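J.: what follows is a predicted protein model with its sequence.
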Amino acid sequence: MSAFPGEVPSAPSEDGKKVLLAAPRGYCAGVDRAVDAVEKALELYGAPIYVRKEIVHNKFVVETLTKRGAIFVDETDEVPEGARVVFSAHGVSPAVHQEAASRNLATIDATCPLVTKVHKEAVRFASSDFDILLIGHEGHEEVEGTQGEAPDHIQVVNGPEDVDKIEVRDPDKVIWLSQTTLSVDETMVTVDLLRKRFPNIQDPPSDDICYATQNRQVAIKQIGPRADVVIIVGSANSSNSVRLVEVALEAGAGAAYRVDNADQVDLAWFEGAKNIGLSSGASVPEILVRGVLELLAEHGYTDVETVTTATENVQFTLPKNLRADLKAAGYEPDRAPKKLRPARRA
């Protein structure tokens, strides 16, 4: 799904009420790929398709896929032996892959390629015997997967408060990596403190925080100073959605709230508010944003100004084995969810 998902209706507002709609917003390429993988697997193989953890951190997406025949489990040992399982966009550790193999599970790895990049960085620097400081939220699936690549070399740094507790073997052989969905500004505060403690600490070979996370934060930074209230659509366990609320407040928004959908919007938030900022996390389908826009329009916020700060055209192909099975079945994978298109005949 595009980060600029179609035209949004807009009409002048008699009392000057306006919606400042962030672009880009919503689905990133990694989320699009992961959700598409589950939908294509259900259509090709039939239900049930097991999914380890939430495919992405969005309640609506998980509920929708459940209705279509996906079964979400917490651990691989909950999947019947020999069944098919999809690994979520957040990635898994080598131990999870090994357990799946030992149970003869047919796996579809929907790990976001940007998360896979961090995994490879961890393996590379662990093989060179570096101490790796992984900035992220302990217990988050992505952090657990990355840490599992080199558990003897990786320490999780939750934030600035952890910096003084860190112990390394050789301060000249230290590198920091990060969870992909963090706040850019918050991460750099931690990095600056790490540099003070370890002046020779190395940076990642390339930026770990994903392009979509950064783009959505930049858009909210533009909107925040102009907004009396900012609404972020996203689930409570979505790290990048929660960060968008914090970014909005830091940018000067009068108030900022996170909601799963329009039903959670409290109209009292808008008393005296002229400008309402609106965006969504990278795991949020556009239909949920449209629901909030419709609610706002019903209460006089009909003038919608799209605040565009970046253009996204990144796409990731489906997991290799799923693509192969689709083609073997006579179908050509396309990027539209819930649809298989017959392959073109020569």
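T.: Happy to help now that I have it. Numbers count the residues shown, from 1 in each chain.

J.: quick check: mean pLDDT across the lengthiest helix in the chain?
T.: Identified as the longest helix of the chain according to DSSP state H is helix 29-45. Across helix 29-45, pLDDT averages out at 97.

J.: C-terminal to that helix, what's the next element?
T.: Following helix 29-45 in sequence order, the next helix or strand is strand 49-52 (DSSP states H and E).

J.: what pLDDT does residue 334 get?
T.: In the predicted model, residue 334 carries a pLDDT score of 57.

J.: roughly how far does residue 68 sit from residue 116?
T.: 26 Å (C-beta to C-beta, to the nearest Å). C-beta coordinates here come from the backbone N, C-alpha and C atoms, glycine included.

J.: count the residues that sit near the nearest residue to residue 317 once chain neighbours are set aside.
T.: Spatial nearest neighbour of residue 317, chain neighbours left out: residue 323 (6.5 Å); criterion: C-beta to C-beta, 6 or more residues apart in numbering. Using other C-beta atoms under 10 Å, residue 323 is surrounded by 16 other residues.

J.: A helix includes residue 132, no?
T.: No. Counting by DSSP: H, G, I helix; E, B strand; the rest coil, residue 132 is located in no helix; its state is strand.

J.: just grab the bridge partners of it for me.
T.: residue 154, residue 175 (DSSP bridges).

J.: mind listing what it touches?
T.: Applying C-beta atoms under 8 Å, 6 or more residues apart in numbering, we find residue 132 in contact with 122, 125, 126, 150, 153, 154, 155, 174, 175, 176, 177.

J.: ok, now which ones touch the third one?
T.: Looking back up the chat, that one is residue 126. Here residue 126 is in contact with 132, 149, 150, 152, 153, 154 (criterion: C-beta under 8 Å, 6+ apart).

J.: quick one: it and residue 247, what's the gap?
T.: With distances taken as C-beta to C-beta, residue 126 is found 32 Å from residue 247.

J.: one step back: mind checking the SS state of the residue nearest to residue 317?
T.: Taken by three-state DSSP, the conformation at residue 323 corresponds to helix.

J.: again, but for residue 20
T.: Residue 20 ends up strand, using three-state DSSP.

J.: who does it bridge with?
T.: With DSSP bridges as the rule, residue 20 is bridged to residue 277, residue 305.

J.: neighbours of it, how many?
T.: The burial count for residue 20: 22, using other C-beta under 10 Å.

J.: isn't it up against residue 274?
T.: No. Between residue 20 and residue 274 there is no contact under C-beta atoms under 8 Å: 10.4 Å.

J.: and residue 104, what is it in contact with?
T.: By C-beta under 8 Å, 6+ apart, residue 104 lies in contact with 81, 82.

J.: okay, it: pLDDT?
T.: So residue 104 comes in at 98 (pLDDT).

J.: just residue 12 next, same as before
T.: Reported pLDDT for residue 12: 76.

J.: give me the low-pLDDT residue ranges for the stretch 201-346 of the chain?
T.: Residues of the stretch 201-346 of the chain meeting the criterion pLDDT under 70: 333-346.

J.: helices along that one, start to end?
T.: With DSSP state H, counting those that start in this stretch as the criterion, the stretch 201-346 of the chain has helices at 211-223, 239-250, 286-298, 320-328.

J.: between those, which gets nearest to residue 36?
T.: Smallest distance to residue 36 across the helices of the stretch 201-346 of the chain (C-beta to C-beta): 9.4 Å, for helix 320-328.

J.: can you list the buried residues in the closest one?
T.: 322, 323, 325, 326 (16 or more other C-beta atoms under 10 Å).

J.: quick one: contacts for residue 285?
T.: Counted by C-beta under 8 Å, 6+ apart, residue 285 has contacts 1, 26, 27, 58, 60, 61.

J.: okay, now the fourth one: neighbour count?
T.: The local packing count at residue 58 equals 27, with neighbours defined by other C-beta under 10 Å.

J.: how about the nearest residue to it, chain neighbours excluded?
T.: Leaving aside its chain neighbours, residue 58 sits nearest to residue 283 (4.3 Å; criterion: C-beta to C-beta, 6+ apart).

J.: OK, contacts around that neighbour?
T.: 27-28, 31, 56-58, 61, 89, 234-235, 238, 240-241.

J.: going by distance to residue 160, which of those residues wins?
T.: residue 240 (19.5 Å).

J.: for that closest one, give its distance to residue 288.
T.: Distance from residue 240 to residue 288, by C-beta to C-beta: 15 Å.

J.: more neighbours, those two?
T.: More neighbours surround residue 240 than the other of residue 240 and residue 288, with 29 against 23 (other C-beta under 10 Å).

J.: wouldn't that one be in contact with residue 179 here?
T.: No. If you go by C-beta under 8 Å, residue 240 and residue 179 don't touch, sitting 9.7 Å apart.

J.: wait, doesn't residue 198 sit right on residue 167?
T.: No. Taking contacts as C-beta under 8 Å, residue 198 lies outside contact range of residue 167: 11.0 Å.

J.: give me the more crowded residue out of those two.
T.: Between residue 198 and residue 167, counting by other C-beta under 10 Å, residue 198 is the more crowded of the two (21 against 6).

J.: can you give me the buried ones in the longest helix of the chain?
T.: 29-45.

J.: so which residues of this protein form strands?
T.: 18-23, 49-52, 70-73, 84-87, 106-109, 131-135, 154-157, 174-178, 229-233, 256-259, 275-280, 303-308, 331-332, 341-342 (DSSP state E).

J.: thanks again, I'm all set now.
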